[in-house]
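Novice: next come a sequence and a model predicted from it.
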Amino acid sequence: MNMMRGAQAYARVGVESGVMSASPHRLIVMLFDGAQAAIRAAKLHMEDGNIAAKGQSISKAMDIVNNGLAAALDREQGGELAERLESLYDYVVRLLMKANRHNDQAALDEAARLLDDIGSAWREIGPQVDGA
């Protein structure tokens with residue numbers, strides 16, 4: 001048990017130091033990765049019939065989308081693109097709620113696909129934004 005707590009603490013330190021040194025662009029990529037990881041976990045919990053863990057994972061994904069990705073949108077400078085992304089993030093959250101409420105794996109898959117499409121675009125522009 002102590003080894004598990006130690007490993008978790010070590011992982012937290014790694015994540016925290018990664019966040020502290022990340023560029024704004026990299027932080028957005030990390031949010032996409034975190035949402036995808038939470039959706040994958042929810043899918044596994046759904047398959048195992050672990051309702052509580054499924055709900056926690058879906059809640060985590062929704063929190064990342066709402067309070068991370070959507071909150072990071074710059075509506076003034078982003079204009080129409082920011083509005084479209086906001087609508088897309090809202091749709092992803094609704095898919096996640098549907099998946100949670102109805103154990104709908106197809107809704108989880110669609111949410112993951114949409115986030116992957118946007119996240120892939122962020123990853124592609126990374127070298128240009130980060131100056132690599």
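Specialist: Cool, got the structure.
Novice: may I have stretch 45-57 exported as CSV, CA atoms only?
Specialist: Included here for stretch 45-57 are C-alpha records, laid out as CSV according to Å, rounded to 0.1, in the frame of the first residue of the first chain:
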residue,chain,number,x,y,z
HIS,A,45,-15.1,0.7,-16.1
MET,A,46,-18.2,0.6,-18.2
GLU,A,47,-17.1,-2.8,-19.6
ASP,A,48,-16.4,-4.1,-16.1
GLY,A,49,-19.7,-2.8,-14.7
ASN,A,50,-18.0,-0.5,-12.2
ILE,A,51,-20.6,2.2,-12.3
ALA,A,52,-19.0,4.5,-9.6
ALA,A,53,-15.6,4.5,-11.3
LYS,A,54,-17.2,5.0,-14.7
GLY,A,55,-19.1,8.0,-13.4
GLN,A,56,-15.9,9.4,-11.8
SER,A,57,-13.9,9.0,-15.0
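Novice: got the buried residues for it?
Specialist: 45-46, 54, 57 (16 or more other C-beta atoms under 10 Å). Every C-beta, even on glycine, is put in place using the N, C-alpha and C of the backbone.
Novice: for burial, what's the neighbour tally of V92?
Specialist: As a burial measure, the neighbour count of V92 was computed by other C-beta atoms under 10 Å and equals 26.
Novice: low-confidence ranges in this protein?
Specialist: For the chain, the stretches flagged by pLDDT under 70 are 1-22, 126-132.
Novice: grab the most central residue of it for me.
Specialist: Centroid-nearest residue in the chain: A35, 1.8 Å away (criterion: C-alpha atoms, centre = their mean).
Novice: look up how far D74 lies from that residue.
Specialist: Note on A35: its distance to D74, by C-beta to C-beta, to the nearest Å, is 19 Å.
Novice: alright, I will stop here.
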